[in-house]
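>>> the sequence and its predicted three-dimensional model are supplied below.
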Amino acid sequence: MTQTTGSQWLPLGAHYLIADHATVELLLDDAGCWLDQARGIAQAMSAMVDDDRYVDGACVAQTFAGIATLLALSRGCNAQVQRRRTEVSWMTAPG
């Protein structure tokens, strides 16, 4: 059970491990995929809340936590892209 909601859902505390051979293009594709998933969930939540029916607060909180996790995964991919680009520019710098 999570401490915040008391539900049976498990918190996502794992890390997204990136293979050494993953290219910048693949990392950017992954980041885009995570962002697309977060957008889709946010759109579904928006439609649900807009329907004027009862909305379970715990469900909404867990959904926002899921969106935050997807955004963190995307941010991790983008950070790795920046590190790899920095390494490439450092290795190819004249001098």
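Yep, it's here.
>>> what number of residues lie near the nearest residue to residue 24 once chain neighbours are set aside?
Distances taken as CB to CB, 6 or more residues apart in numbering put residue 81 closest to residue 24, at 5.3 Å, once the chain neighbours are dropped. Using the backbone N, CA and C atoms, a C-beta is placed for each residue, glycine as well. Each residue near residue 81 was counted by other CB atoms under 10 Å, and the total is 20.
>>> and for the one 10 residues further on?
If you count neighbours by other CB under 10 Å, residue 91 ends up with 7.
>>> any idea how far residue 81 is from it?
Computed as CB to CB, to the nearest Å, the residue 91 to residue 81 distance reads 16 Å.
>>> and for residue 49?
Distance from residue 49 to residue 81, by CB to CB: 34 Å.
>>> cool, residue 38 as well?
Applying CB to CB, one obtains 18 Å for the distance of residue 38 from residue 81.
>>> quick check: phi and psi on residue 69?
As for residue 69, its main-chain torsions (degrees, to the nearest 10) stand at phi -60, psi -40.
>>> rewinding a little: does the residue nearest to residue 24 really touch residue 27, like I thought?
Yes: at 4.9 Å, residue 81 counts as touching residue 27 under the criterion of CB atoms under 8 Å.
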